[in-house]
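Peer 1: Need a 3D model of the following:
(3 chains)
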Amino acid sequence: MIKKYLGSRWSPFVATFSVILFFYLKDALATTSVVATSITFGLPLAMAAMVGIMCERTGIVNIGIEGTLLVSSFIGFFVASVSGNLLVGLFAAVCMGAVSGLLLALLSVTWKMDQIIAGTIINILATGLTSFFYKQGHTLPSTFPEIDIPGLSAIPFFGPVLFMHGPLTFLGFFLILVLWVALYFTPWGLRSRSVGEHPGSADTAGVSVVRMRYLNVTIAGAFGGLTGAYLTLELVGSWDRGFSAGRGFTALALMIFGRWNPLGALAAALFFGVAQAITNQLMITEVVTIPQQFTNMLPYVLTILILAISAGKVRAPAAEGQPYEKESA
Amino acid sequence: MKYVRSWLLPVIALAIAFAIGALMMKLQGANPLKAYESLFSSAFGSSAGISKTLGKATPLIISGLAVTICLRAGLFNIGVQGQLLAGALASAWAGYAIHGLPLFIHLPIALFFGTFFGALTGIIAGALKAYRGVHEVITTIMLNSLVLQLGEYLAYGPFKEPGQQLARTPEVLSSAKIPDLFGMPVGFFIAITLAVIAWWIFKKTTSGFRLETVGRNKNAAWYAGISVKRSILISMFIGGGLAGLGGAIETLGVVGRYEPAFNAGLGFDGITIALLGRANPLAVIPGAILFGGMRGAGGSMQFAAGVSPDIIDLILALVLFFVTAPLIGKWIKTVRGNEAITTGGWGN
Amino acid sequence: MKTPLLELTNITKKYPGVIANEDISLTVNKGEIVALLGENGAGKSTLVKAVFGLVRPDSGEIRINGHLIAPGDTAGAIAHGVGMVHQHFQLVPVMSVTDNIILGDEPTRGLFINKRAARAEVLALSEKYGLQVDPDAIVENLPVGMQQRIEILKALRKDVDLLILDEPTAVLTPQEIDELLNVIRNLAKSGVGVLFISHKLREVIAVADRIVVLRNGKAVGITTPKESDEESLAHLMVGRDVVLQVEKGEAKAKEVVLSIRNLHVNDDRKLTAVTGFDLDVHAGEILGIAGVEGNGQRELVEAICGMRPRIKGSVLVSGVETPDMHPRRVHAMGISHIPEDREKHGLVASYSIEDNLVLNQFDQPPFAKGWIRNAYALESNANTLVKEFDIRTPSIKTTAGALSGGNKQKVVVARELSQKTKVVVAAQPTRGVDVGSIEFIHNQLVAARDNGAAVLLVSAELDEVLSLSDRIAVMFGGKIVAFLDGKDADRAKIGRLMAGLSE
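Peer 2: Residues are numbered from 1 along each chain as shown, chains lettered A, B, ... in the order given. The predicted structure is shown next:
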């Protein structure tokens, strides 16, 4: 029974919404603020999970998301700080992310390296590069300002939750939806998924496996760059060593939890964001104290449990992790 | 010829990494020769420097071994970090909470605590792999974060030093501290002994042969009657145990307590060192000494040449890049570390 | 003279140690069904892969409708109207039939896939060629025959002039085969040229307009069903001349050592592969199992050796039942196994020869004393066996992966036959092995027999079975269809039995 419930595609949605509803009925005002904060917590994780989804759907394992976030947020922050222009910083972060994606593609597609080592290299390189070039004392002119969408933001609950955010938040949500639509309803999506599931079938149908993988891993890297920019230029406003704080690894967990589906991962990330926001809220009101650390553990524990329970049922893209050899087609 | 190849690749990788590091310094307007000279003379030029270097190398040898042994058995243990933390946490607790024991009982107990909890963390991933087919990389990454959070919770909560503002455990009792021997850290000798034992086990014993056969060809291992599941459990248990011991030695010999800022980067350095040594337990030693020296003496470059010690991070990252990327490996074939690893999907 | 649809001239393709295709020329005309007939390893697949650009021939010309196709140019072949149905289906298991068929050339509306148009197209295609499919079904839930239809529709969607089918019937049930043959006939009627690969005589005679027989990479005969019958084709296919003659004395068969009782085994897809098997092998004889590959031989061998679960039945050595799914204990009871896939099961490529020579006895004395391995015993064992089994290697420390196929196999044979053994199970013992090593391995198997072992030989090479066996069992459809005496076994008769024909 539990197995069946956890196995359901909609379980993250159901869990999230039932939790929200329960608390909204108890305390509308606090719940509104909690849910609004949970978006702040959840969105960067969801965006990072998209990086993983785009790569893994074409068969490339990416454990270098953490490195991509770190290095692109770093570049975004410093370029914005030096140029005094947030948009230039944003552009630089996206480019840096794309470069990290390109590097992963080079290592894993062209050189056919073990993809996990390739990802590890990106993480370690990112740590090395950022800590070397890091200099204290830089500040941003500002962060991206919040946009309140006129009219809509006045709606109770949904207004503050959905329509009062910074521009990159809106962009992030929009792009997650775009990715979902693209993955399931466009030729690009069909080809991407077929490359990740059975590259031989794509190849014999005239779809270049190598080109597809390069394209997607690079786009994913750029998206990771956007995520890094969001973190530093909109959410936090500063940068420090180890800035990505393990979000890239949490994203992997959410990707699996959401079954490699953009909406699934988004729901999982929001669920996690809600849990974190509730803990914060409870700490402020001192009703109950659940240590912050335990909510932080949630995605990891859930991922391990889900993988253990549904071994063989949670299906990763079948060709993941394997370099494609044309000869065996 | 084969012998030459096995050390040529790491040496070339190191040379290229140092060259790029020099270029970076030059770009910053510093004098790389001066920086490197001060780095090496302060790491290896005096007995105090050497002692410091070996102290830094100790946990690196052990975490490098923890990765190496799993690599030999065909597993990529990214979880060394978490296992190390678990070991540090458990040994710190055993070090401050158990009272009234003499050194020769208390210290081994504290070390055992660290080893055991490291092994426990490791074998969770091992069991999930062996019985449920869950990929060890994903579980060890998850466990890394889990243990980190758990440690933070304990250091803020139940294990917190009374009356302290900072989140940290009380200091371990002197009866659980690792003493120095003739000015040399004892932990270093333990680490060297472990490396030699690991080397000997793979070289000489049937157990080593079993693990290695599974690592190289699972199907042939099964055909030859070796239990693949048992090998996975054993290697993750030993790997985790070693990492835990490394954390315990660092805690009981250097740091003296557990604090959330505990140097978990040791785990990632361990991966780099293992790959640099191409999964040879003895090759871990020079790699760890080099890394330990650079980590320990990095600050001297600031004095001598105005170079940020963070250049070390960059150089070490480049070393890993060049040693694993087939750039150089193409003409120096057979990177054993890579051969041993095969990665599948997360789900099964 | 009208241009043939496909014209191959003097195609030659060599692999190290093997000539896959030697100087092959053939033509296919519009609306014609040409069958490529030959045993496993005769070079059929290599030839059609060359046509489709998946293999680069060393020499020779490929022309489609008169256009010269560059070697290895898959895109060019597709552009000139060649479609191929692969032996191993190229389908995405988790996707729908429609998605699989439209992949690579999707009907769109704006940026999106036009799912309605795609579905309609699949239905129209299915109607046009009389191949019923459910466009919304998920491929992995479909039976193999249905998956093949999808594969065919995928190929036909691109308006092919020439359709290549690589062993299309290998995995089909008899009913599915009949349906497929009808489809092929209809296609030919509509003007498509068909190149059809098979080693099954009956199908070839039933459907082909012309038959090209390949043997050992050479085209040994071109004929038509009218001019030939199954017997003559079987002759052409397996050849008259015995290439390898093995010197061996009279078998002195003694008591039964290996007995198999009512054995049932499934294949990887959980379908029955071995059905109710009984077999006795005596000490001092070689029992050869002849048969076209895929008739349950692999599953039989793996079940005997404890590497595949036995669904029902038992395997006994000298009357004692052997354990299921425990290769090591089976081996300890006296069954040596030369595995079919030596790279996967037989060897650890990155281990030295001396380690490979003790792979399944590394912890037994004298190779280990308790926990410690005995380097001296390993070395002396390796030195002895390298000499005795003529393993050509620079050193016993050389890795097995660095050896030639023949020497790799000799390492496996040396390990298995040097141990005290009651039964030797040899699966495809000379596959991919050079002629010199074949002879040597054959002599070793005969020597094992003469030393009193019961030898079970499984081979897809009929020549090998004929020249080695004292008794021959012919396997078809998971059963033994006949036992024959090795001395006066008739090749043509075996060929018919192998093809599933009654005598």
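Peer 1: Can you name every helix or strand that the host helix or strand of B:G246 contacts?
Peer 2: If you go by DSSP states H and E, B:G246 is part of helix B:228-250. Helix B:228-250 makes packing contacts with helix B:47-72, helix B:80-97, helix B:103-132, helix B:186-204, helix B:206-216, helix B:218-223, helix B:265-276 when contacts are defined by 3 or more C-beta pairs under 8 Å, 6 or more residues apart in numbering or on different chains; DSSP states H and E. Where you see a C-beta, it was placed from the backbone N, CA and C, and this is true even at glycine.
Peer 1: can you put those helices in JSON lines and add mean neighbour count, mean pLDDT and distance to C:A448?
Peer 2: Output for these, formatted as JSON lines (neighbours: other C-beta atoms under 10 Å in any protein chain shown; pLDDT from 0 to 100; distance: least, C-beta to C-beta, whole Å):
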{"stretch": "helix B:47-72", "mean neighbour count": "26", "mean pLDDT": "91", "distance to C:A448": "36"}
{"stretch": "helix B:80-97", "mean neighbour count": "30", "mean pLDDT": "93", "distance to C:A448": "49"}
{"stretch": "helix B:103-132", "mean neighbour count": "22", "mean pLDDT": "93", "distance to C:A448": "37"}
{"stretch": "helix B:186-204", "mean neighbour count": "18", "mean pLDDT": "92", "distance to C:A448": "33"}
{"stretch": "helix B:206-216", "mean neighbour count": "23", "mean pLDDT": "93", "distance to C:A448": "26"}
{"stretch": "helix B:218-223", "mean neighbour count": "21", "mean pLDDT": "90", "distance to C:A448": "20"}
{"stretch": "helix B:265-276", "mean neighbour count": "27", "mean pLDDT": "85", "distance to C:A448": "45"}
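Peer 1: Would you mind putting the ones you listed into a markdown table with distance to C:N114 alongside?
Peer 2: Below are the helices and strands packed on helix B:228-250 laid out as a markdown table (distance: least, C-beta to C-beta, whole Å):
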| stretch | distance to C:N114 |
| --- | --- |
| helix B:47-72 | 50 |
| helix B:80-97 | 49 |
| helix B:103-132 | 42 |
| helix B:186-204 | 60 |
| helix B:206-216 | 50 |
| helix B:218-223 | 46 |
| helix B:265-276 | 49 |
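Peer 1: Let me have the ones you listed in JSON lines, extended by distance to chain C.
Peer 2: Listed next are the helices and strands packed on helix B:228-250 as JSON lines, based on distance: least, C-beta to the nearest C-beta, whole Å:
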{"stretch": "helix B:47-72", "distance to chain C": "12"}
{"stretch": "helix B:80-97", "distance to chain C": "24"}
{"stretch": "helix B:103-132", "distance to chain C": "17"}
{"stretch": "helix B:186-204", "distance to chain C": "6"}
{"stretch": "helix B:206-216", "distance to chain C": "4"}
{"stretch": "helix B:218-223", "distance to chain C": "4"}
{"stretch": "helix B:265-276", "distance to chain C": "17"}
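Peer 1: need the next SSE after the helix or strand of chain A with the lowest mean pLDDT, C-terminal direction.
Peer 2: For chain A, using mean pLDDT, DSSP states H and E, the weakest element among its helices and strands is helix A:2-7, scoring a mean of 48. Counting by DSSP H and E, the next helix or strand C-terminal to helix A:2-7 is helix A:11-26.
Peer 1: Give the next helix or strand downstream of that next one.
Peer 2: Remark: after helix A:11-26, the chain's next helix or strand is helix A:28-57, criterion DSSP H and E.
Peer 1: Quick check: buried residues in whatever helix or strand comes next after that next one?
Peer 2: Counting by DSSP H and E, the next helix or strand C-terminal to helix A:28-57 is helix A:65-83. By neighbour count on 16 or more other C-beta atoms under 10 Å in any protein chain shown, the buried set for helix A:65-83 is A:65-81.
Peer 1: And the helices and strands packed on helix B:228-250: which comes nearest chain A?
Peer 2: Minimum separation from chain A across those (C-beta to the nearest C-beta) falls at helix B:103-132, 4.0 Å.
Peer 1: The next helix or strand after the closest one near chain A at all?
Peer 2: Sequence order places helix B:136-156 as the next helix or strand after helix B:103-132, per DSSP H and E. Yes. Judged by C-beta under 8 Å from any C-beta of the partner chain, helix B:136-156 and chain A are in contact via B:137-139, B:141-146, B:148-150, B:152-153, B:156.
Peer 1: Separate out the buried members of those residues.
Peer 2: The neighbour-count test (16+ other C-beta under 10 Å) applied to the residues of helix B:136-156 next to chain A identifies B:137-139, B:141-146, B:148-150, B:152-153, B:156 as buried.
Peer 1: Kindly provide the distance from the residue in the stretch 151-300 of chain B positioned nearest to chain A to C:D178.
Peer 2: Nearest residue of the stretch 151-300 of chain B to chain A (C-beta to the nearest C-beta) works out as B:Y153 at 3.8 Å. Distance of B:Y153 to C:D178, computed by C-beta to C-beta, to the nearest Å: 69 Å.
Peer 1: Same check on C:H282?
Peer 2: For C:H282, the distance to C:D178 - C-beta to C-beta - is 41 Å.
Peer 1: swap in C:R471?
Peer 2: 35 Å.
Peer 1: Neighbour count: these two, which is higher?
Peer 2: Between C:R471 and C:D178, C:R471 has the larger neighbour count (other C-beta atoms under 10 Å in any protein chain shown), namely 20 against 14.
Peer 1: helix/strand/coil for the spatially closest residue to the more buried one that is not a sequence neighbour?
Peer 2: When the adjacent residues along the chain are set aside, C:R471 lies closest to C:L287, with 5.0 Å between them (C-beta to C-beta, 6 or more residues apart in numbering or on different chains). The three-state label given to C:L287 by DSSP: H, G, I helix; E, B strand; the rest coil is strand.
Peer 1: ok, whichever residue of the stretch 101-250 of chain C sits closest to chain A - contacts?
Peer 2: Nearest residue of the stretch 101-250 of chain C to chain A: C:G104, at 3.2 Å (C-beta to the nearest C-beta). Residues near C:G104 by C-beta atoms under 8 Å, 6 or more residues apart in numbering or on different chains: A:R191, A:A202, A:A205, A:G206, A:V207.
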